[in-house]
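Chemist: here is my input; please provide its structure:
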Amino acid sequence: FGERTGRLMKLTEVSIQQKPAEPKRKEAEVVVEMVVTEDMLNSSGKMHGGCIIFLVDICSTLPVIALSHATDGIGKPGVSQGINTIYHAPASLGDKLRLINTSMTLGGRTMTARIEIWDVTHHRLVASATQVKMDASEAKL
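Modeler: Modelled structure (predicted):
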């Protein structure tokens, strides 16, 4: 479902603003919307957990890239170090999802973002997650 799912995502908002809890820092928020399709479902007819993790991995990277690009002009995506996910409610075929991705930290070694996946159709939280990333090291041959 990876390639097809990626094509279904619609970017609806990108913003960079002062971080409310720490005014000397900035945060980026990127909102993506999509509809659950048949190839995203598990055998129970609900959105597969693997598909949700794929969305977390791809989408939570977006605010990190946006903030990195806005602050140093580089926009590095980094590589995943860990993803913590909580599944709150199932999503079904045809449900419209809103993925709200927010940067948390952008440091010299690590980058962190959080994501909330909302089922807009049923007004409920499907999943929430935090992803920690770091710059990829150079290949040593």
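Chemist: tell me what residue 110 is bridged to.
Modeler: With DSSP bridges as the criterion, residue 110 is bridged to residue 134.
Chemist: residue 109 versus residue 118, what's the distance?
Modeler: Distance, residue 118 to residue 109, using CB to CB, to the nearest Å: 31 Å. Placement of C-beta: from N, CA and C, glycine included.
Chemist: neighbour count: these two, which is higher?
Modeler: More crowded of residue 118 and residue 109, by other CB atoms under 10 Å: residue 118, with 23 against 8.
Chemist: enumerate every residue touching that one.
Modeler: 97-100, 124-126 (CB atoms under 8 Å, 6 or more residues apart in numbering).
Chemist: what about 7 Å?
Modeler: Residue 118 makes contact with 97-98, 100, 125-126, according to CB atoms under 7 Å, 6 or more residues apart in numbering.
Chemist: my guess is it is in a strand, correct?
Modeler: Yes: the assignment for residue 118 (DSSP: H, G, I helix; E, B strand; the rest coil) places it in a strand.
Chemist: for residue 66, see how far away it is.
Modeler: 20 Å.
Chemist: coming back round to it: and the contacts of residue 118, which are buried?
Modeler: 97-98, 100, 126 (16 or more other CB atoms under 10 Å).
Chemist: looking at the residues you listed, which is nearest residue 85?
Modeler: Comparing the buried ones among the contacts of residue 118 against residue 85 with CB to CB places residue 126 closest, at 10.6 Å.
Chemist: contact partners for that closest one?
Modeler: Residue 126 is in contact with 88-89, 91, 97, 117-119, counting by CB under 7 Å, 6+ apart.
Chemist: now pLDDT and distance to residue 44 too, for those, in CSV please.
Modeler: Below are these laid out as CSV (pLDDT from 0 to 100; distance: CB to CB, whole Å):
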residue, pLDDT, distance to residue 44
88, 97, 16
89, 96, 14
91, 96, 12
97, 97, 18
117, 97, 18
118, 98, 21
119, 97, 16
